[in-house]
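K.L.:
predicted structure and sequence below. I'll ask about it afterward.
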Amino acid sequence: MSASTDIPVRVAKVTQVADRIKRFRFERLDGRPLPFFSGGAHVVVSMTDEGLLRRNAYSLMSPPSDPSGYEISVLKVEESRGGSLFMHGKVREGDALTISQPVNLFAPDWRGRKHILIAGGIGITPFLAMMAQFARASIPFELHYAMRSRSYGAYWRELMEQYGEHRVKVYFNDENSMIPVGVILANRPLGTHLYVCGPSPMIDGILTAGREAGWPKENLHFERFLAPPPGKPFIAELIRSGMSVPVGEHQSLLEAIEAAGIDAPFMCRGGACGQCETSVDTCEGTLLHNDIYLSDEEKASSRKIMICVSRFKGKRLSLDL
């Protein structure tokens, strides 16, 4: 994927759905239907914020059967790099934005006989589209959804009304209710698949518990988007382009390369998919890997870097770009 595949859209509606969570509906500027997608897909939203281009990935939560518009939900994070603050503070109904084609790195395994969904906080968003698809196809599923509190949680009331309390279980931290992970993992029919999306500690804990409970690796699915962390500015030399690109303190390598006018490949922009994997020509220093895609051996070799989330500390870095 690259910026050349972006779709111009209009912000058709903005809705405050919970404390710090807004829902945004996008429709094509030309009025045509948007591309079809499947549950678990995401789009990358491009935002121009005071001359700085930001691109953030958000899960699609609208029904996959309805191509008239896409909907996403955005959690306002004060300590973020600015994307969520821009969406909450500056995006209004009627504004024009661009979004990428939908990409799915978290698709359900349709061979599964039953699907267990575990969500934490804003991690509920990919499951909304999944559940609509499961229900439409009469495929068994159940959702376990943990939130900070009733006011901070989004969509839980609607989901319980739509799918019933037998399929939607909710848990609130401030009420000391917790997802019974051990019970869920122990009581599963043959062919059950489990999906988890939420904070990284939650994902890691559930995946570890699943493996320890004997679940096959291929039956455990997860999604997490990692934001590029800040760091000291550095210069990246691009060998094929013949350019030296400065990377700012709050800028990812990918963003700096894009700002220099180079159309680098990307898909998730969160260190998970491998699309932006780039060969390192020279590394006089340390690569600060922040992705979950490269193996420990690949990271130790200093020959590859995921430019969407990783950084560099040292004297010289040159890339095969």
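P.N.:
Looks like it came in fine.

K.L.:
give me the residue at the spatial middle of this structure.
P.N.:
residue 225 (4.0 Å; Cα atoms, centre = their mean).

K.L.:
my read is that that one contacts residue 268, right?
P.N.:
Yes - applying Cβ atoms under 8 Å, one finds residue 225 in contact with residue 268, separated by 6.5 Å. (Each C-beta comes from the backbone N, C-alpha and C, glycine too.)

K.L.:
any idea which helix or strand in the protein has the lowest mean pLDDT?
P.N.:
Using mean pLDDT, DSSP states H and E, the weakest-scoring helix or strand in the chain turns out to be strand 52-59, at a mean of 88.

K.L.:
on that earlier part again, list residues touching both of residue 225 and residue 268?
P.N.:
Shared contacts of residue 225 and residue 268, defined by Cβ atoms under 8 Å, 6 or more residues apart in numbering, are found at 42, 57.

K.L.:
wasn't the residue nearest to the centre of the chain part of a strand?
P.N.:
No - using DSSP: H, G, I helix; E, B strand; the rest coil, the assignment for residue 225 is coil, not a strand.

K.L.:
ok, now which ones touch it?
P.N.:
42, 57, 268, 269, 270, 272.

K.L.:
the second one: neighbour count?
P.N.:
Think residue 57. Residues lying near residue 57 (other Cβ atoms under 10 Å) number 23.

K.L.:
how near is it to residue 254?
P.N.:
12 Å (Cβ to Cβ, to the nearest Å).

K.L.:
who touches both of these two?
P.N.:
Common neighbours of residue 57 and residue 254 (criterion: Cβ under 8 Å, 6+ apart): residue 269.

K.L.:
now the stretch 201-321 of the chain, which segments are flagged as low pLDDT?
P.N.:
Counting by pLDDT under 70, the stretch 201-321 of the chain shows no low-confidence range.

K.L.:
can you pull out the strands in it?
P.N.:
Taking DSSP state E, counting those that start in this stretch as the criterion, the stretch 201-321 of the chain carries its strands at 220-223, 234-238, 243-247, 277-288, 304-306, 311-319.

K.L.:
out of the ones you listed, flag the one nearest residue 30.
P.N.:
Residue 30 lies closest to strand 220-223 among those, at 30.6 Å (Cβ to Cβ).

K.L.:
now for the closest one, which elements pack on it?
P.N.:
If you count contacts as 3 or more Cβ pairs under 8 Å, 6 or more residues apart in numbering; DSSP states H and E, strand 220-223 packs onto strand 192-197, helix 200-212.

K.L.:
pick the most deeply packed of these.
P.N.:
strand 192-197 (a mean of 24; mean count of other Cβ atoms under 10 Å).

K.L.:
what number of residues lie near residue 108?
P.N.:
Residue 108: 22 neighbours (other Cβ under 10 Å).

K.L.:
now it: how far from residue 241?
P.N.:
40 Å.

K.L.:
check residue 174 too.
P.N.:
For residue 174, the distance to residue 241 - Cβ to Cβ - is 52 Å.

K.L.:
please apply the same query to residue 28.
P.N.:
33 Å.

K.L.:
will you turn the strands of the stretch 201-321 of the chain into TSV that also has distance to residue 76 and mean neighbour count?
P.N.:
Converted to TSV, those look like this (distance: least, Cβ to Cβ, whole Å; neighbours: other Cβ atoms under 10 Å):
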stretch	distance to residue 76	mean neighbour count
strand 220-223	21	20
strand 234-238	30	19
strand 243-247	26	16
strand 277-288	27	16
strand 304-306	27	27
strand 311-319	25	18
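
K.L.:
using CSV, lay out these together with distance to residue 32.
P.N.:
CSV is the format used below for those (distance: least, Cβ to Cβ, whole Å):
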stretch, distance to residue 32
strand 220-223, 29
strand 234-238, 37
strand 243-247, 36
strand 277-288, 33
strand 304-306, 34
strand 311-319, 38
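
K.L.:
nearest to residue 124 among the ones you listed would be which one?
P.N.:
Across those, residue 124 has its closest neighbour in strand 220-223 (11.8 Å, Cβ to Cβ).

K.L.:
residue 28 and residue 241: which is more packed in?
P.N.:
Using other Cβ under 10 Å as the criterion, residue 28 and residue 241 rank with residue 28 on top: 19 against 15.

K.L.:
got the contact list for that one?
P.N.:
Contact analysis of residue 28 by Cβ under 8 Å, 6+ apart lists 7, 8, 9, 10, 34.

K.L.:
please enumerate the helices of this protein.
P.N.:
Secondary structure of the chain by DSSP state H: the helices cover 83-89, 125-136, 156-163, 181-186, 200-212, 253-259, 296-301.

K.L.:
of those helices, which approaches residue 245 most closely?
P.N.:
Minimum separation from residue 245 across the helices of the chain (Cβ to Cβ) falls at helix 253-259, 5.1 Å.

K.L.:
shaky segments in the stretch 1-150 of the chain?
P.N.:
1-4, 80.
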